[in-house]
Structure formats: C-alpha cells, structure tokens
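1. next input, structure requested:
(2 chains)
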Protein chains: 2
Amino acid sequence: MAADLSRLSLNQATTKHWSLREAVDGCARMGIPAIGIWRDRLAEVGVSAATRLLRDAGLHCSSLCRGGWFPAATRAERMARIDDNRRAIEEAAALHADVLVLVCGPAPDRHLRAARQMVEEGIAAILPDAIAHGVTLGIEPLHPMFAADRSVITSLGEALALAERFDSPHVGVVIDAYHVWWDVEVYHLIRRCGKRIAAYHVSDWITPLPDVLNGRGMMGDGVIELRSLREAVDAAGYTGFIEVEIFNETIWNMPGEVVLALMCERYLQYVAPA
Amino acid sequence: MAADLSRLSLNQATTKHWSLREAVDGCARMGIPAIGIWRDRLAEVGVSAATRLLRDAGLHCSSLCRGGWFPAATRAERMARIDDNRRAIEEAAALHADVLVLVCGPAPDRHLRAARQMVEEGIAAILPDAIAHGVTLGIEPLHPMFAADRSVITSLGEALALAERFDSPHVGVVIDAYHVWWDVEVYHLIRRCGKRIAAYHVSDWITPLPDVLNGRGMMGDGVIELRSLREAVDAAGYTGFIEVEIFNETIWNMPGEVVLALMCERYLQYVAPA
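-> Predicted coordinates:
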C-alpha cells in the first residue's frame, strides 16, 4: 500500500500555470489516475479535445468545477446563471465527471435567507437536466470566511440539509477538508452524509493564513486532522477519488513536476491509509 | 429615540491608539455610557486607577477582554493559564465588568477534540472563582477562520452547548456579530441562548476582507444583517450593552474623536431600534 495512488486526483487549480494538456500529461507521468477540471481551463481547449486528452491518457475526471453561483439581484440574471449551469451539466456529462461541484454563490445584498432560497431554487431548476445527463450535483459548503463573496452555504450541516431536501442520488455534497475542518460537528456530519458524499477534497490550513483566497497549504504543512477526516469519509461509505485542490501563490510558482511529486508524497504521508 | 446611545459601548480596541484615559474621556464627551476594556491597556494604568477613572467619568465597564486561552501542551502551562484567568476574574470584579470575555484559545497541536476538552476543564477550574467574585464568564465563539490560532470554539452552537453544560448564571456566551453572522442557524441559536447572552458585540464584514485579523469594518460598510441580529438578541431577552469592537488599521489611523462620532452615527443608523 506504500505507494498506492489509486484514489488520488489532481485538481488542476493546484497547478494553475499548467494548461489542461500539461496537467493531464503530468498526471499520466506520475501515475495519478484522475483529475479535477475547471471550466475556464476546459474552455481553452474545448470539450471534445479535452475528452480525447483524458481518454488517450487513461485519466478519469473526478470533478468539474464549477457550477452554482445561483443568487442574483434580478430574475433575468438568475435565469442566465441557471442556463450556465445547464451548460456545465452538459460538459460534466461529456467528460464523464464524477460530480459537478456547486459553489453556490454569495448574496447580492444583505439578505442571506433570500440568497439561500435562490440556491435551493437554482438546484431545483437544474436537477432535471442533471438526471437526464446522468450527472451528480455536489453542493460544496465553503469556509464561512467566504460567506460574503463566494457562498452562502457555509457549513457541512447546511449543505447536507439542503441535499437531503432533494433526496435524489443526483444531489450530493462535496466535502473539502479546508472548508469544514473547524466544525465541532464535522465527524458526526460526515457520518450522517453517508452515501451523499459526492467528492472529497484535501489541502491544509496553514497559520498564519497567508491569504484569504489563495492561502491553502500542502497537506502536512498545516493543522487539519487529514488522516482522521479521510478515515471518517471512508467509514461513511465514500469510495471515490481524493482530490488535492490548493490555491497558493507559492505552490503555483513552483514547477508543476515538483508540485506533483510533493503532492504524491504528502498524500501518502498524511492522507492515505497508513 | 433618534439619538439614544444608552446601550452603546466602546470596546477600546476600536480606538487602539488611545490610552484608557483618552478612551474614557472620549466616551464621556460623546455621551457613550460604557466601555469594554482590554487587560493589556488596563495594566498600563493599574486596576485601582482604572476603577477611579471609570467612576469619575460615570462610565460603566461592559466587558473585560480577555480571559481564556486554555489549551496548552503541558499541564504546567495549562495551570499557569488558569492562574492568569483567576487574575482576570479579580480585575473584572474590581471594574464591576458585566462579563469577562473568554477567547478560548487554539489547539497546541492537530487535536481539536483534546483542545476543546482543555477549554471545558479550564472553565470548570475557574468557575468557583467567578462565582466567589460575582463575575460572569462569557464564552465567545470566534469566526472559524480563527480556529487554528485563536479559538477552537468556532460557532455559537458550540459555545452555547458548552455554556449549557455548566448550567450556571456565571457562564454565558458572548455574541459578536462578526464571528457568527454567516451561520444558517444563527437566529435559531440566538433564541436558544436566551438569558445566557452575556454580551453583544458589533462591527461589520467588508468585502474583500482587507486582513484576516484586522479586517473588521464599521457598521454599515459591510454585509452583516446588523439590525435583524440586534433585534434577535433583544428578543432573546438581552438588555445589556451593545459594544463596538473593530480591529482595522484604517480606522485605527483615524483620530479617535472622528471614530467615536462615526461609530455613534452608524450605531444609530444600522444597529439601534429605528
């Protein structure tokens, strides 16, 4: 088991300065079997070419990032965002992605409750499309420090309650250790998520936080109980990929090859079964 | 009611470059009836002199900041911190402070559960002293972005559950809007807190966040539903002071008089009963 990378996935945000082709090649060389893809990088090559790239490299798509961003001030803008989510679902289907990650979006004003309602309505609107395309929507709770500018869904309990209201195998939750590790209820909630866990992401929380948005650390450099959390996610019944998603200028400025080697080493040391 | 400042309190962290005497004088001139005091600034003048300053100005002490910081790697260090909390209790008693604010402290390692246990043991150790001195201990949940370096108590639900385990009128919770506004359960939790609300603090969440530690905004400059939250706190039965605590370099660099005038204006506009 010492070098078992069979569940490891590279979220391409971790190697920001690599194109999708470079990231796919990097994974293939390192024996990393899966990749999480961002839509802006997908658009650079196009869905068909990306699908061929993955197939030729024998690489699985563990997630497409991101759909969501539902709340908006006007109905017209909310409809436009729902349309964009429908395009994201089509892309996720073409890539055979395990999940379309939903970063649900901030409130357009001070009214969190209204924004949360818009999130629920948005997911309801796109769920038939997800079902038709065989795509799983993954509601990702973001760390509460992103409540004002990225997502009104700020805890795993909230994301799970939202997913439960749809009660569909096509609506799950995305658990990113960075976003939820602080929660006194996190182990209890992971257990409750059970089969609704659609994806699991890791990085680390370094102190002092170098940057709110781009301050994530490499596994092992911070304080998150990464092995315990992975064990809890597994015990809940999750058997999917473990995706490494790190937004960090220092890591971005390292050669991609070095980042991948370090990521594999740290994954084995701090996350994978000992 | 238009200029009713009767529940307003200045937390002296808001006017960082003022000494305690300057802050007391400023409050007296503006008709602000109460002040929240920090122990390091108290130490500069001494407890006796500070008590006289407040009495001469007719100013009430709405809080003493801070006790807590219980978790530590060794038993000796934990005992030293408990001793320090006992001194804080004596200071709070001398000042007739409404509450001693407990910022509970981070984990000395990766083990959040163990650190949370140390917090509970620490409060249990000092509670007899609080009772003997007639001091209320206020458990303040901090925003989850401080989980790694300031407090393992990261949500109002967690703070309330901890307070409830002591079931004493001398253990309550400190609600700071900045720390809890993002929580989908916040209104429900405030209601559940009821008489356990020992203090209420306000500031605002500005976007993008200028700094993790010192990025708080003046009320009205951000997204927090400050009036709704104050109404909820009042409806729960809280009748105490509403303390303005802002850590922000830009505000610190403004003349104290200007900060106080702005704070009064914004308090009336965004927080106080309309």
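2. from here on, just use CA atoms for contacts and neighbour counts.
-> Noted.
3. now residue A:105: phi and psi?
-> Per-residue torsions, residue A:105: phi 100, psi 160 (degrees, to the nearest 10).
4. okay, now the unreliable bits of chain A?
-> Within chain A, the stretches with pLDDT under 70 are A:1-2.
5. let's see that with 90 instead.
-> A:1-3, A:110, A:273-274 (pLDDT under 90).
6. for the stretch 51-200 of chain A, what spans make up the helices?
-> A:75-94, A:112-133, A:156-166, A:177-180, A:186-193 (DSSP state H, counting those that start in this stretch).
7. buried ones in the longest one?
-> Looking back up the chat, that one is helix A:112-133. Going by neighbour count (16 or more other C-alpha atoms under 10 Å in any protein chain shown), the buried part of helix A:112-133 is A:112, A:115-116, A:118-123, A:125-127, A:129-131, A:133.
8. other SSEs contacting it?
-> When contacts are defined as 3 or more C-alpha pairs under 8 Å, 6 or more residues apart in numbering or on different chains; DSSP states H and E, helix A:112-133 sits against strand A:60-68, helix A:75-94.
9. so how far is whatever helix or strand residue A:258 lives in from its chain's centroid?
-> For residue A:258, the enclosing helix or strand under DSSP states H and E is helix A:256-266. Between the centre of helix A:256-266 and the centre of its chain there are 19 Å (C-alpha atoms, centre = their mean, to the nearest Å).
10. list the buried ones in that helix?
-> In helix A:256-266, counting by 16+ other C-alpha under 10 Å, buried: A:256, A:257, A:259, A:260, A:263, A:264, A:266.
11. which of these sit farthest apart?
-> A:256 and A:266 (15.2 Å; C-alpha to C-alpha).
12. pull the contacting residues for the residue most central in space within chain A.
-> For chain A, residue A:101 is the residue whose C-alpha lies nearest the centre (C-alpha atoms, centre = their mean; 5.3 Å). By C-alpha atoms under 8 Å, 6 or more residues apart in numbering or on different chains, the contact set of residue A:101 is A:63, A:64, A:65, A:66, A:67, A:68, A:137, A:138, A:139, A:140, A:174.
13. can you redo the residues you listed as a markdown table with neighbour count and distance to chain B?
-> Below are these laid out as a markdown table (neighbours: other C-alpha atoms under 10 Å in any protein chain shown; distance: C-alpha to the nearest C-alpha, whole Å):
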| residue | neighbour count | distance to chain B |
| --- | --- | --- |
| A:63 | 31 | 26 |
| A:64 | 28 | 26 |
| A:65 | 25 | 22 |
| A:66 | 22 | 21 |
| A:67 | 27 | 21 |
| A:68 | 26 | 18 |
| A:137 | 31 | 21 |
| A:138 | 30 | 19 |
| A:139 | 32 | 15 |
| A:140 | 30 | 15 |
| A:174 | 27 | 18 |
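14. just flag the most distant two among those residues.
-> The span of the contacts of residue A:101, defined through C-alpha to C-alpha, is set by A:63 and A:68 at 13.8 Å.
15. contact residues of the stretch 51-200 of chain A facing chain B?
-> Residues of the stretch 51-200 of chain A found near chain B (C-alpha under 8 Å from any C-alpha of the partner chain) are A:109-111, A:143-145, A:147-149, A:152-155, A:158, A:182-184.
16. contact partners of stretch A:141-151?
-> By C-alpha under 8 Å, 6+ apart, the residues outside stretch A:141-151 that reach it are A:69, A:103-107, A:152-156, A:158-159, A:173-175, A:178-180, A:212, B:143-145, B:182-183, B:205, B:207-208, B:223.
17. likewise stretch A:178-186?
-> With C-alpha under 8 Å, 6+ apart as the criterion, stretch A:178-186 contacts A:141-144, A:155-156, A:202-205, A:216, A:224-225, B:144, B:147, B:152-155, B:158.
18. 7 Å - rerun?
-> The contact list for stretch A:178-186, computed with C-alpha atoms under 7 Å, 6 or more residues apart in numbering or on different chains, reads A:141-143, A:155-156, A:202-205, A:224, B:144, B:147, B:154, B:158.
19. out of the residues you listed, which sit inside strands?
-> Those of these mapping onto strands are A:202, A:204, A:205, per DSSP state E.
20. next, count neighbours for the first one.
-> This points to residue A:202. 26 (other C-alpha atoms under 10 Å in any protein chain shown).
21. quick one on the thing from earlier: any chance of the contacts of stretch A:178-186 in TSV, with distance to residue B:195 too?
-> Shown next, in TSV, are the contacts of stretch A:178-186 (distance: C-alpha to C-alpha, whole Å):
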residue	distance to residue B:195
A:141	31
A:142	32
A:143	30
A:155	26
A:156	28
A:202	40
A:203	40
A:204	38
A:205	35
A:224	35
B:144	24
B:147	26
B:154	21
B:158	16
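22. from the residues you listed, which is closest to residue A:238?
-> Using C-alpha to C-alpha, the contacts of stretch A:178-186 come closest to residue A:238 at residue A:202, 14.3 Å.
23. my guess is that closest one contacts residue A:176. True?
-> Yes. Counting by C-alpha atoms under 7 Å, residue A:202 touches residue A:176, with 5.8 Å between them.
24. tally of neighbours for the residue of the stretch 51-200 of chain A at minimum distance from chain B?
-> As assessed by C-alpha to the nearest C-alpha, chain B sits closest to residue A:110 within the stretch 51-200 of chain A, at 5.1 Å. Look at residue A:110: counted by other C-alpha under 10 Å, it has 15 neighbours.
25. surely it meets residue B:224?
-> Yes. In this structure residue A:110 lies within contact range of residue B:224 using C-alpha under 7 Å: 6.3 Å.
26. how about residue A:32, what does it touch?
-> A:5, A:8, A:9.
27. measure residue A:127 to residue B:7 for me?
-> 49 Å (C-alpha to C-alpha, to the nearest Å).
28. quickly note the distance from residue A:80 to residue A:67.
-> The value you get for residue A:80 to residue A:67, if C-alpha to C-alpha is used, is 12 Å.
29. ditto for residue A:105
-> Counting by C-alpha to C-alpha, the gap from residue A:105 to residue A:67 is 10 Å.
30. with residue A:251 instead?
-> In terms of C-alpha to C-alpha, residue A:251 sits 25 Å off from residue A:67.
31. and for the nearest residue to the residue of the stretch 51-200 of chain A closest to chain B once chain neighbours are set aside, the neighbour number?
-> The shortest distance from residue A:110 to any non-neighbouring residue, by C-alpha to C-alpha, 6 or more residues apart in numbering or on different chains, is to residue B:223 (5.1 Å). Counted with other C-alpha under 10 Å, residues neighbouring residue B:223 total 22.
32. what sits against residue B:223?
-> Residue B:223 touches A:110, A:148, B:204, B:205, B:206, counting by C-alpha under 7 Å, 6+ apart.
33. how about 8 Å then?
-> A:109, A:110, A:148, B:204, B:205, B:206.
34. buried among these? Make that a PyMOL selection.
-> A single PyMOL command suffices to select whichever of these are buried according to 16+ other C-alpha under 10 Å:
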select buried, (chain A and resi 109+148) or (chain B and resi 204+205+206)
